[in-house]
Every structure is written in C-alpha cells, then in structure tokens.
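In: okay, here's the prediction I keep looking at, along with the sequence it came from:
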Amino acid sequence: MDFSDLESIALRLEDDDEKLKQVEADLAWVKEELKQKPKRDQRETRFAKLAGYQWKDESDLIRRAKALEEKREALINDIEANIQSFVEGFSSKDLIVPLEPKPSIESGALFFSYRNGVTYPRTIRVISKLLGLSSPIVLEPVTISERGVRVVEEDQYIAKEKIVETFEGLQKTLALKLKQPFRRR
C-alpha cells in the first residue's frame with residue numbers, strides 16, 4: 001500500500017464523517033420534534049382541523065427517525081471499516097511513502113518532498129486524528145506534512161535513518177490502535 005491508496009481511503013473517511021455529522025444533526029432535530037409533539041387522539045385531530053391549524057402526523061416523523069438511524073448506523077460501519085483499512089494499510093510492512101531520494105535544504109533542515117510534487121493532506125489529517133496529534137505531525141526532529149518530510153539534521157544518511165525510525169514508530173502505534181476497539185468521539 002502507498003500514500004495514494006491511503007489518500008483515497010482518507011477521502012472516503014472525511015466524506016463519511018461529514019455525512020454522519022449531518023445525519024446526526026437531522027436525527028437530533030427529528031427527535032426533538034417528536035418530544036415536542038404530544039400524542040394526539042382522535043378528538044385532538046378533529047379539533048386541529050376545526051381550528052384550522054396544521055397537524056403533523058407523528059408517524060412520518062417516526063419513519064424519518066428510523067431511516068436516519070439506519071443511515072447513521074451504515075455510515076458508522078463504513079467509517080469503522082475505512083479506519084480499519086487505513087490503519088492496516090499504514091501499518092503494513094509494504095507501506096510505500098513516495099519520498100524524493102534527494103532532499104532540499106529549507107531553513108537549515110533537510111526536506112524530502114513527495115515524488116512528482118504530490119501532496120497528501122487527507123492522509124496526514126487522518127493519521128493526526130487517529131493518533132491525537134496536530135497536523136503537521138511533529139516528532140522531533142522529524143516533521144511530516146502534506147508536502148513532505150522535514151528533518152532537522154545536516155547529514156542525509158542520519159536524516160533518512162530518522163525518517164525510517166519515525167515512520168516505523170507511527171506504524172507500530174497505529175497497529176496497536178488497530179487492536180483496540182474503535183470509539184467514536
């Protein structure tokens with residue numbers, strides 16, 4: 001698995017998370033509507049018609065709440081499956097981080113950009129979120145950003161060694177997270 005595969009999974013994760021937030025907001029509104037509407041019997045229904053105001057049939061709200069609950073569960077299952085795939089892919093021994101072999105020098109540090117100028121913003125955000133870190137990921141002396149990896153080091157050999165150690169540490173940490181049950185927020 002490589003970072004472009006992880007970026008695709010991260011895109012699905014972010015999209016599903018946004019959809020889930022909207023479904024949860026809609027569901028909260030429907031549940032509040034259900035709380036506000038007292039149960040009406042036949043007499044109240046007839047009175048509403050006689051008095052000329054609109055009466056909402058609660059069964060529509062109940063059906064909508066049920067549909068939103070089902071959609072919410074489906075999204076949660078999709079998110080959990082995508083997190084599982086992401087963590088498995090990132091933790092894989094075959095992970096490929098497409099870094100340029102020759103770094104540039106930026107502000108006294110070595111900067112290894114991703115090949116072909118590609119960026120991986122979603123991948124970095126998902127890793128950060130899963131580990132509870134900020135983005136970019138700073139694990140001194142290495143900083144992993146959407147544009148590449150920065151190492152505060154002058155020697156290329158030592159810098160590459162530190163990058164490998166940092167990624168191996170992240171992989172182990174995420175692999176441990178994979179063994180824990182997923183808890184949303």
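Out: Thanks, I have the structure now.

In: look at Trp55 and report its pLDDT.
Out: You'll see Trp55 listed with a pLDDT of 64.

In: Leu95 against Lys172, yeah?
Out: No - taking CB atoms under 8 Å as the contact criterion, Leu95 and Lys172 are not neighbours in contact, 12.0 Å apart. For every residue, glycine as well, the C-beta is placed using N, CA and C.

In: so which of the two has more stuff around it?
Out: For Leu95 against Lys172, the residue with the higher neighbour count under other CB atoms under 10 Å is Leu95, and the figures read 17 against 11.

In: please tell me how far the more buried one sits from Asp17.
Out: 23 Å (CB to CB, to the nearest Å).

In: equivalent analysis for Ala109, please.
Out: If you go by CB to CB, the gap between Ala109 and Asp17 works out to 33 Å.

In: and for Ser107?
Out: In this structure, Ser107 and Asp17 are separated by 34 Å, where distance is defined by CB to CB.

In: neighbour count winner among those two?
Out: Neighbour totals were compared for Ser107 and Asp17, and Asp17 leads with 16 against 7 (other CB under 10 Å).

In: which residues touch Leu95?
Out: Taking CB atoms under 8 Å, 6 or more residues apart in numbering as the definition of contact, the neighbours of Leu95 are Met1, Asp2, Gly89, Phe167, Gln171.

In: also Ser92?
Out: Ser92 makes contacts with Met1, Gln171, as judged by CB under 8 Å, 6+ apart.
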